[in-house]
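Participant: 3D, please:
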Amino acid sequence: MSGFSIVDGVAEIHDTELHQTWMDRPDYIDAVAAWPDPDVAATKRIVVEFVADLARMIRDDAVEERIHDIMKRYVAEDYVQHDPNAPGNGREQLIEHLRRAPLDDGPPPAVVNIIAEGELASVMTRQPTPDPLIPGSTYDWYSLAVVRISDGRLSEHWGPLKKTAPGEGSM
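Facilitator: Numbers count the residues shown, from 1 in each chain. Down below sits the predicted model:
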């Protein structure tokens, strides 16, 4: 495992470049998705591959070209969204939400852990972020989200975002 290790189920990234390239590293994705129970591993695989496909889409500035295929592959048509900034439920609403979201902060943070139990999976991401209190320094920003997987697709999402006014904040 070049540039990372898995410690107690959490990916520890040693090579800072991996924060930008994790989505292109099959060895990293395999390690994050690994679990002895094949059902849990399958759930983890769906989640990490979904986030990796989104990350590549955003990095490549290819939302219009890829959003429909990605959503059709991973997201249930009757998807339920609990993000207060999203326009409503359903896969098509999610597509429109992602088309309008400000995606100018670079690729999404690296997935460092997924905990799965039954239909629910919690995904934890980590991204070095400029420290507003110490110029020139960074801190590790962690984010958690929970998804429900039904019939091999994301069917529901709960996230950490607060409601924002249009044009404020970013995903």
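
Participant: Could you list the buried residues of the lengthiest strand in the chain?
Facilitator: In the chain, with assignment by DSSP state E, the single longest strand is strand 138-150. Buried residues in strand 138-150, counted by 16 or more other C-beta atoms under 10 Å: Ala145, Val147, Arg148, Ile149. To be clear about C-beta, it is placed using only N, CA and C from the backbone, and glycine gets the same treatment.

Participant: ditto for stretch 39-54
Facilitator: Buried-residue list, stretch 39-54, by 16+ other C-beta under 10 Å: 40-41, 43-54.

Participant: Need the CA coordinates for that stretch. PDB is fine.
Facilitator: The C-alpha trace of stretch 39-54 is given here as PDB (Å, rounded to 0.1, in the frame of the first residue of the first chain):
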ATOM      1  CA  ASP A  39     -22.300  -8.300   2.300                       C
ATOM      2  CA  VAL A  40     -20.600  -5.500   4.200                       C
ATOM      3  CA  ALA A  41     -17.800  -5.300   1.700                       C
ATOM      4  CA  ALA A  42     -20.300  -5.100  -1.200                       C
ATOM      5  CA  THR A  43     -22.100  -2.100   0.600                       C
ATOM      6  CA  LYS A  44     -18.700  -0.400   1.300                       C
ATOM      7  CA  ARG A  45     -17.700  -0.900  -2.400                       C
ATOM      8  CA  ILE A  46     -20.900   0.700  -3.700                       C
ATOM      9  CA  VAL A  47     -20.400   3.800  -1.500                       C
ATOM     10  CA  VAL A  48     -16.600   4.300  -2.200                       C
ATOM     11  CA  GLU A  49     -17.100   3.700  -5.900                       C
ATOM     12  CA  PHE A  50     -20.000   6.200  -6.000                       C
ATOM     13  CA  VAL A  51     -17.900   8.900  -4.200                       C
ATOM     14  CA  ALA A  52     -14.900   8.100  -6.400                       C
ATOM     15  CA  ASP A  53     -16.900   8.500  -9.600                       C
ATOM     16  CA  LEU A  54     -18.300  11.800  -8.300                       C
END
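
Participant: Show residues contacting the helix or strand where Glu64 lies.
Facilitator: Per DSSP states H and E, Glu64 falls inside helix 63-74. Applying C-beta atoms under 8 Å, 6 or more residues apart in numbering, the contact partners of helix 63-74 are 46, 49-50, 53-54, 56-57, 60, 91, 94-95, 98-99, 103, 153-154.
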